[in-house]
Every structure is written in structure tokens, then in C-alpha cells.
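Asks: Quick one: sequence plus predicted model below, questions after.
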Amino acid sequence: MAHKKWVLREADKALANDLSEKFNIDPFIAYLVVARGIDSELAFSDFVSESVKLVSPFDFIDMDRAVKTIKASIENNERICIFGDYDCDGVTSTAIMLKYLKKQGADVFHYIPSREGEGYGLNINAIDDIKKKNTSLIITVDNGINAIEEAEHIYSLGMKLVVTDHHQPSETLPKAEAVVNPHRKDNNLEFHEYCGAGVAFKLICALSGDVTDKLIDEYIDLAAIGTIGDVVPLVNENRVFVREGLKQINNNPKAPIKAFKDINSDKKYSANDIAFQLCPKINAVGRMSHADSALEFLMSSDYRDCAQKFKELCGENINRQEEEKSILDDIAKKIEKNPSLVTNRVIVIAGQGYHHGVVGIVASHIVEKYSKPSIIIGIDENGVARGSARSIEGFNIFEAINACRDDIIQFGGHPLAAGVTLDENNIDLFTKHINEYALREYEIMPPQKIVIDSMLSPFYLSLDLVSNLSVLEPYGASNPQAVFGLKRMKLISVTPMSEGKHIRLEVEKRGRIIRVVKFSSPYDEFPYSSGDYLDLAVRVSDNYFNGKRYLSVQALDIRLSSSNDDKFFDEKNKYELYIQTDKFDKSLYPNRNICAEVYRCLSQSKGYKYGAENLYFRLQDKLTYAQLMFSLEAFRQTGLISIRGDRIVINEVKRKVNLEETDVLKSLKERMGFE
């Protein structure tokens with residue numbers, strides 16, 4: 001994975017101590033809470049409270065009109081269609097509305113479009129099919145806010161529309177009896193970051209007239225799963241939804257959740273467990289086939305039926321993983337054949353037949369590996385190219401695509417993720433233009449970051465710390481699990497786990513030995529060895545084995561203690577600017593001594609298999625990033641080395657070579673005016 005910049009949170013220690021005393025909370029935990037921006041007494045009280053405090057659903061503009069319209073349709077026995085979406089949020093939103101309206105005796109059915117055949121949101125053909133079923137009212141969940149043309153078509157057919165959505169509205173709202181959206185500027189809301197399931201839950205609260213314990217018991221688990229799955233900030237009411245939903249999931253699970261828990265393991269589930277074990281399986285069905293299967297699973301009250309349906313969801317998730325791996329393998333081959341694909345500001349890679357439902361996940365993997373905004377595009381048999389973009393904090397991928405709108409058919413999204421459709425013949429032009437935009441607007445690219453809550457001594461890692469940290473739960477977007485930095489830990493040993501897919505480290509400092517697990521870090525790709533001094537970014541939790549509770553330490557990031565983030569990112573940016581624009585300074589050129597140092601290091605280790613970036617950090621105090629990269633390219637051009645992916649192989653060359661006569665160094669010298 002690409003090197004990330006460590007950013008340390010800071011907080012007002014005096015304020016944290018004051019809040020610690022007032023709320024009888026461990027001072028260190030109070031410091032962590034304040035460092036997350038919870039820095040007023042009221043906000044702190046709400047954050048640590050266990051009570052269920054929800055604002056009135058009628059603080060949403062149009063909520064009263066939505067209630068009036070829906071109740072009238074039920075009373076008049078009119079047919080109602082819930083129009084949902086195929087992701088986890090859309091499916092749980094649909095389930096909430098469908099279950100509630102059925103309990104009220106409504107004549108109600110649902111429609112979820114297929115990702116491949118129809119795409120996101122309302123569409124004309126679906127509306128025509130819905131009309132054929134004698135429908136009078138369509139209620140959207142998790143979509144509809146920008147369906148201007150489709151709304152007009154609904155009314156032209158004599159139907160009515162209620163929109164519930166959480167995506168950003170445009171200046172013009174669709175024609176509807178009511179448009180319920182937390183991002184409308186005319187709302188009476190302080191908090192706006194609900195997901196679709198959260199909005200649907202607020203609607204059924206309004207329909208009920210009160211938030212009762214029965215209402216929470218019936219629907220809060222679905223609201224929690226949708227909130228976790230859509231990765232909205234777990235603060236304010238979202239935090240309440242998830243906290244109360246997890247209580248039900250753990251203490252009184254319904255049939256679908258019981259089936260999920262029985263197949264996985266019967267333990268106390270956290271928001272992270274739901275995010276990584278349940279939500280992907282709900283999403284997978286919408287990606288690979290049709291989301292109706294996931295909806296049927298969530299709607300069923302029969303345990304055996306749920307268990308069978310959940311196995312089907314797991315099977316679709318395996319299919320998704322296989323498709324994902326196939327695309328990643330193909331991309332790796334493309335990059336090995338053409339390394340320039342990943343030297344651009346924005347990585348754009350296209351392939352024939354890449355599954356549209358998976359390209360977004362693949363783009364996330366590419367961002368993680370290269371720390372750059374990435375767009376992965378699948379081309380179908382008709383030459384239509386559909387891609388998903390993922391970005392890094394600080395680079396607005398939506399605006400970048402918008403700057404290239406003349407090259408594309410349509411696009412949508414937000415600063416960190418977007419979708420784009422274009423003609424196959426325009427991919428190269430689009431790639432050129434989006435990188436020109438990136439160079440113009442982002443001469444210094446923002447680094448990918450890991451936020452460290454606090455640096456800690458290894459002696460402070462304990463089960464007591466884990467217990468105290470429970471105040472921060474549930475974890476999620478805007479409230480992640482705490483990350484601690486351990487400085488200058490001596491590596492004692494590395495042990496492979498799960499056939500080498502993961503590793504376990506033993507590290508030591510001042511006699512305190514810590515066992516640390518690093519997942520998805522293959523043993524044969526781990527670039528450090530016994531005796532290295534490392535900095536680790538870790539999370540702590542507890543594990544139970546044979547009835548005993550143990551401390552679990554998981555590493556998110558590992559680097560040499562000698563690493564200098566600022567030096568690395570500055571030098572890498574200068575190197576890439578030169579590659580893309582010819583802008584240079586003399587720190588880029590590797591003189592004879594630098595080249596000799598690099599080759600000596602490669603010779604001593606008989607090549608290097610962990611990539612140029614890791615090699616750089618071994619040599620960081622002796623050269624610049626560009627000097628290393630140009631040295632390696634000069635060696636490659638003379639035949640001294642071969643580069644195969646991350647592996648640098650030393651070749652046996654008996655003839656004398658002249659590095660200064662290589663194309664790369666001659667070009668550098670000419671551009672810099674060297675004799």
C-alpha cells in the first residue's frame with residue numbers, strides 16, 4: 001500500500017479535564033472526545049448519553065404533506081409503490097417503508113431497479129410498468145430528488161409522487177405532493193447528514209405521530225444497517241439510530257439478523273462488524289444480480305427462510321469478490337506493461353467487460369494502493385463506457401469530472417466518489433483533460449492521511465483502555481475507532497497467518513513486548529525484518545478465547561521510524577511534476593555517487609522485492625525520491641536490472657555500462673542545462 005501521511009489530532013487539555021470531571025469520564029477518553037470536535041458541554045453530553053433523543057420529524061419541510069398524502073392513499077385503498085434503490089441504504093429504506101405500510105393495511109408493493117439494466121433512480125419504463133399495476137402513489141426512498149422529467153411523467157399518467165431522499169437537491173425540485181430531504185435549505189434542521197434509511201425512519205415516525213418503543217423495536221435495526229452501510233457521519237441522530245439498532249441486533253435480533261449472526265458467530269456485534277460482514281453481502285446482490293433477494297431476506301420473519309436467503313447473499317458476495325479479483329489482476333497486468341498509467345495525477349484505467357457493479361470497489365483498491373484519485377471504467381459490447389471514481393480527501397473528483405463534461409455523456413456524485421458514462425472513443429481524451437485539470441488546480445497533490453488520535457507508550461495498551469474506549473462507540477464515519485501511534489518499536493519477529501495472507505508481529509520497547517496483527521498484508525510482501533525500528537498506527541480491542549478475555553492489537557499502518565513524511569511527499573510531488581510538465585529543480589538529478597549508493601544497496605540485498613517506495617525509505621537520508629526513480633530507470637535501460645511490478649531483479653551484465661549515456665539521464669541533463 002502507498003505511504004500515508006500521519007496527522008495527529010489535537011485538543012484543549014484544560015477543556016478535556018473539565019469535561020472529564022463533570023461527566024465522570026476517564027481524562028484520556030475525554031481528551032479523545034474533545035479532539036474529535038465534541039468541544040462543548042452540550043455536545044459532549046449528547047455524545048456520551050445513553051438516552052434516545054430524536055428531533056421532531058416535522059422539522060423536515062413537507063413532512064406534514066407527505067403524511068397527509070400517504071394517509072389519504074391508505075384510507076382510500078389506493079395502490080402505493082415504494083420505489084427504492086439497489087444498495088444497502090436503498091434496500092433497508094425500502095424494507096422500512098414496506099413493512100410499516102403493510103402493517104397499516106396499505107395496498108403496497110415495491111420496485112427496485114436493476115443496476116445493470118436500468119441504473120439508479122426513477123426511469124420512464126419503470127414508471128410505465130408501475131402504472132400498469134393500477135398504482136396511484138409512488139413513494140421514493142433513497143432517490144428521486146433530481147428526477148425532474150420522471151416526476152412530470154408520473155403526473156402525466158395520473159399518479160402522485162412523494163419523494164424521500166438524502167442526496168443533494170438541485171435548484172429545481174421535482175413535481176411532487178411532498179419532497180422530504182434533509183438538505184433542503186428551508187428545513188428546520190440543525191443536522192442534515194441522514195441516509196435514505198434515516199429519512200424513511202423519520203417518515204414512519206411522522207406517520208405514527210410519536211416515537212414509541214414499539215416503533216423503535218420494529219424498525220431501528222433496519223435504520224442502523226442503512227446508516228452504517230451508507231457511511232454517513234455517526235454523529236447526532238445517526239449515532240442514536242446505530243446505538244439503539246446495535247442493542248436490538250445483539251439483544252433481541254429478528255429472524256434475518258439471527259440467521260446472519262448464526263452463520264458468522266454469535267458474539268456482540270459492533271458497527272464495524274455490520275459494516276464489514278453484513279452490509280457488503282446486502283450490497284453484493286444489487287451489484288451482481290438484483291437487490292430483491294436482499295429485500296426478501298430483510299422482510300422475512302421465518303428463520304429457516306432467512307438462513308437460506310442469507311446463504312444466497314453470501315454466494316453473491318463470493319461472486320463479487322471473484323469478479324473484483326479478476327479486474328484487479330487485469331489492471332495489474334496493464335500497469336506492469338504500461339507503468340505510466342499510475343504516474344498521472346488521476347489514474348484512469350479502462351477494460352472490456354469490467355463489471356459495472358464492481359468497478360467502484362476496484363477504484364477504492366487502486367486509491368489505497370497508489371494514493372491517487374482513480375477512475376475504473378468498464379466498456380460494454382456497444383462501446384458504452386461506464387466508470388466509477390474514488391478520490392482522496394482534498395481532491396474534489398466531482399469537480400474534476402465536471403471540468404471534462406464535454407467529453408462525457410453523463411455523470412454524478414460528490415467530492416469523494418462519482419459515476420461517469422462516456423463513449424469508448426472518448427476515454428483517452430477524457431483522461432488527458434482530467435489530468436490537465438488536476439495539474440492546473442492541484443500542483444501540490446493532497447496526500448492520503450491516517451489520523452492518529454494520540455501517541456501512546458506500549459505500556460498503556462491494556463484491557464482497561466479497551467473498556468474505557470467503549471464511550472466512543474458506535475464507530476463509523478466522522479467517529480472512527482481510535483487509532484494510536486507507537487513510536488520506535490523494535491521488530492522481534494514476523495509470523496505468517498492464514499497461509500501467508502496476514503501477519504503477526506512481535507515488537508518490543510523497554511522490555512514491553514506487544515503482539516500485533518496486520519491483516520491483508522501478505523507475509524512475502526512485508527518489507528521489514530527483525531531488528532528494524534518501526535512506527536505503528538494501531539487499534540485496540542478485546543478477543544475472547546476459551547472463556548478468557550485477551551487484548552487484541554491491529555496495525556493499520558507500519559513504517560520505518562526514520563521515515564520523514566514531509567520530505568517524501570515534497571520530493572514525490574516534484575518528481576511527478578517533472579514527469580507531467582518538465583518542471584524541474586536540480587535535486588532531481590542522480591549523480592554518480594547517488595547511483596553507486598542505490599546499486600550498492602540493491603547488490604547487498606540481491607535485488608529488492610518490496611517496491612521502489614519502500615526502497616526509498618531505506619535510503620531516504622541519502623537521496624531524493626526523484627534521484628532514486630531516475631537511478632532505477634537508468635539501471636533498467638542499461639540492463640543492470642529488470643523491474644517486474646514491485647520486484648527489482650539484478651541482472652548479470654558482463655559488459656561495461658555508461659549510465660550517463662542512458663536516455664533518461666541524457667534527457668535530464670539536457671533539460672537542466674548540465675554539461
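Replies: On my side now, so go ahead. Residues are numbered from 1 along each chain as shown.
Asks: rest of the way, CA atoms for contacts and neighbours
Replies: Noted.
Asks: For the residue lying closest to Asn564 once chain neighbours are set aside, give me the pLDDT.
Replies: Residue nearest to Asn564 in three dimensions, not counting chain neighbours: Gln620, with 7.9 Å by C-alpha to C-alpha, 6 or more residues apart in numbering. At Gln620, the pLDDT value in this model is 96.
Asks: hang on, Gln620 packs against Ser563?
Replies: Yes. Applying C-alpha atoms under 8 Å, one finds Gln620 in contact with Ser563, separated by 7.4 Å.
Asks: Please report how far Leu461 lies from Asp18.
Replies: 24 Å (C-alpha to C-alpha, to the nearest Å).
Asks: Tell me which of the two has more neighbours.
Replies: Leu461 (18 against 14; other C-alpha atoms under 10 Å).
Asks: Show me what counts as buried in the biggest helix by length in the chain.
Replies: With secondary structure taken from DSSP state H, the chain has its longest helix at helix 303-337. With burial defined by 16 or more other C-alpha atoms under 10 Å, the residues of helix 303-337 counted as buried are 303, 306-307, 309-310, 312-314, 316-317, 319-320, 323-324, 327-328, 331, 334.
Asks: Show me what it is packed against.
Replies: Helices and strands touching helix 303-337, by 3 or more C-alpha pairs under 8 Å, 6 or more residues apart in numbering; DSSP states H and E, are helix 255-263, helix 279-288, helix 292-299, helix 359-370.
Asks: Pipe these into TSV and attach mean pLDDT, mean neighbour count and distance to Val346 per row.
Replies: What follows is the helices and strands packed on helix 303-337, written out as TSV (pLDDT from 0 to 100; neighbours: other C-alpha atoms under 10 Å; distance: least, C-alpha to C-alpha, whole Å):
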stretch	mean pLDDT	mean neighbour count	distance to Val346
helix 255-263	91	19	39
helix 279-288	93	24	25
helix 292-299	96	21	35
helix 359-370	94	21	10
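Asks: Now find how far off-centre the helix or strand of the chain with the lowest mean pLDDT is within its chain.
Replies: When the helices and strands of the chain are compared on mean pLDDT, DSSP states H and E, strand 410-414 comes out lowest with a mean of 82. How far strand 410-414 lies from its chain's middle: 17 Å, per C-alpha atoms, centre = their mean, to the nearest Å.
Asks: just stretch 622-634 next, same as before
Replies: 33 Å.
Asks: now stretch 285-302
Replies: Distance, stretch centre to chain centre, for stretch 285-302: 23 Å (C-alpha atoms, centre = their mean).
Asks: who touches that stretch?
Replies: 86-87, 91-92, 94-95, 99, 112, 114-115, 254-256, 282-283, 305-306, 309-310, 313, 316-317, 319-320, 356-358 (C-alpha atoms under 8 Å, 6 or more residues apart in numbering).
Asks: In contact with the most centrally placed residue in the chain, which residues?
Replies: Nearest to the geometric centre of the chain sits Ser364, at 6.8 Å (C-alpha atoms, centre = their mean). Residues counted as contacts of Ser364 (C-alpha under 8 Å, 6+ apart) are Ser374, Arg390.
Asks: just to revisit the earlier point, and the helices and strands packed on helix 303-337 as CSV, adding distance to Lys654?
Replies: Below are the helices and strands packed on helix 303-337 laid out as CSV (distance: least, C-alpha to C-alpha, whole Å):
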stretch, distance to Lys654
helix 255-263, 61
helix 279-288, 54
helix 292-299, 64
helix 359-370, 36
